[in-house]
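Participant: Using only what follows, build the 3D model:
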Amino acid sequence: MILLKLSRKMISSNFYLLLGILLGVCISCYLDSTCRPYRDPKLKEETLDLQPVTRKRISQKIIHSNKPPTSSKEPEKLVRPHYISTELSIRDKLFVGVLTSEDKINTQAVYINKTVTHLVDKVKFFITVHNKMRHTFNLTGIVGFTDSRSRYRPFQMIKYVGDTFMQGYDYYFFMNDFNYLNVRELKQLVGKVSVSNDVYLGTLVDDGSYCNLDAGILISNSVLRALRANLDWCINNAVSDDSSENLGRCVYYSTKLECQASVKGRFLSSYKLKHFQLEKHLQPLSKRKEFNRAVVVYPILQAKDFHILNAYFSRVSWNLPLPLHLYCVLETFGKVAIGDS
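Facilitator: Predicted structure coming up:
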């Protein structure tokens with residue numbers, strides 16, 4: 001009886017609380033059986049579309065890790081220079097260009113080739129060719145021009161070198177086929193002159209302001225660029241039959257440079273021979289300072305003289321004792337023996 005009274009009293013005092021709980025339970029049961037959760041149809045479509053993409057990306061990554069994926073579109077290729085030196089703007093030191101002829105390509109040019117090519121970075125021989133070649137050439141590095149007008153030959157050479165070797169070299173030495181080039185001395189010279197200098201170096205002609213092409217001319221890369229840029233003007237104003245004068249006029253117009261006897265205290269000396277029997281006059285010549293320091297000796301017209309000079313200046317560069325007499329010239333495999341008497 002006591003418990004029943006207490007229960008009635010508790011219910012009566014909490015009647016509204018219990019009624020609220022009961023109503024809440026009933027409403028929740030009704031909503032669970034008749035209502036569905038709301039979903040945005042667009043969201044559903046996007047979700048469905050994303051699933052295949054995710055799988056596709058995963059599968060592509062797996063393929064890529066095993067072998068390169070095939071694609072119908074060719075990937076864009078990176079074009080790079082053929083030589084890494086070109087990409088890094090690294091230049092060789094010295095280019096030598098020799099003006100020769102079809103008649104002398106197998107004689108004078110061959111002798112120069114034997115004494116120079118193995119010591120410099122690049123040598124090219126420039127000739128005038130006719131419609132039909134008269135000779136078979138015995139060496140490589142020949143460039144032929146069909147224009148036979150001699151006044152334009154230096155500019156044909158400048159154009160070819162500027163178009164082909166502008167990026168490759170610091171200095172360019174141009175000479176004739178009757179020059180002996182003391183190439184070791186020339187390499188020492190260009191090795192000690194900064195590439196930032198504008199160089200037009202050689203032997204000054206008598207009563208003139210330009211360098212004598214017969215004695216060889218050295219120009220820097222910057223001067224070659226200027227000549228190539230003004231080549232049309234130079235050709236139109238090549239009014240002389242003297243190639244040295246025409247080239248000197250071109251250099252002055254392009255750079256305002258006159259022939260330089262020296263650059264930073266470095267000379268490009270030449271020595272002009274008065275005798276053609278070199279073996280008879282080498283002994284007195286060897287006592288002359290101007291002969292011993294010459295970069296170019298000219299004119300040289302006989303094969304043995306190229307080899308005699310090459311052997312002589314090799315001894316000078318190696319600080320070897322010089323013979324008292326030149327008694328034997330052995331032209332075997334392009335070599336010369338100089339011995340003591």
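Participant: For the rest of this, base every contact and every neighbour count on C-alpha atoms.
Facilitator: OK.
Participant: quick one: buried residues of the helix or strand encompassing Val223?
Facilitator: Using DSSP states H and E, Val223 maps to helix 221-229. For helix 221-229, the neighbour count (16 or more other Cα atoms under 10 Å) marks Asn221, Ser222, Val223, Leu224, Arg225, Ala226, Leu227, Arg228 as buried.
Participant: before we move on, what about stretch 145-153?
Facilitator: Arg151, Tyr152, Arg153.
Participant: was I right about the second one contacting Ile235?
Facilitator: It stands for Tyr152. Yes - using Cα atoms under 8 Å, Tyr152 is in contact with Ile235, at 6.8 Å.
Participant: low pLDDT regions in the protein?
Facilitator: In the predicted model of the chain, residues 1-12, 15, 28-90, 131-135, 320-341 satisfy pLDDT under 70.
Participant: All the strands of it, in order from the start?
Facilitator: 92-99, 122-128, 142-145, 169-176, 180-181, 200-202, 217-220, 262-263, 266-267, 270-272, 296-298 (DSSP state E).
Participant: Export the buried residues of helix 221-229 as JSON lines, with columns for distance to Gly20.
Facilitator: Converted to JSON lines, these look like this (distance: Cα to Cα, whole Å):
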{"residue": "Asn221", "distance to Gly20": "102"}
{"residue": "Ser222", "distance to Gly20": "101"}
{"residue": "Val223", "distance to Gly20": "104"}
{"residue": "Leu224", "distance to Gly20": "104"}
{"residue": "Arg225", "distance to Gly20": "101"}
{"residue": "Ala226", "distance to Gly20": "103"}
{"residue": "Leu227", "distance to Gly20": "106"}
{"residue": "Arg228", "distance to Gly20": "103"}
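Participant: For this protein, which segments count as helices?
Facilitator: Residue ranges of the helices in the chain, as given by DSSP state H, are 2-13, 15-34, 41-66, 84-87, 108-116, 153-165, 183-191, 221-229, 231-236, 243-255, 278-285, 289-292, 303-317.
Participant: before we move on, the earlier item: got a markdown table for the strands of the chain, with distance to Asn14 too?
Facilitator: Output for these, formatted as a markdown table (distance: least, Cα to Cα, whole Å):
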| stretch | distance to Asn14 |
| --- | --- |
| strand 92-99 | 106 |
| strand 122-128 | 113 |
| strand 142-145 | 118 |
| strand 169-176 | 107 |
| strand 180-181 | 125 |
| strand 200-202 | 117 |
| strand 217-220 | 111 |
| strand 262-263 | 117 |
| strand 266-267 | 119 |
| strand 270-272 | 129 |
| strand 296-298 | 127 |
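Participant: Most tightly packed of those?
Facilitator: Highest mean neighbour count of the strands of the chain: strand 180-181, a mean of 28 (counted as mean count of other Cα atoms under 10 Å).
Participant: And Arg91, how close does it get to Gly168?
Facilitator: Separation of Arg91 from Gly168 (Cα to Cα, to the nearest Å): 5 Å.
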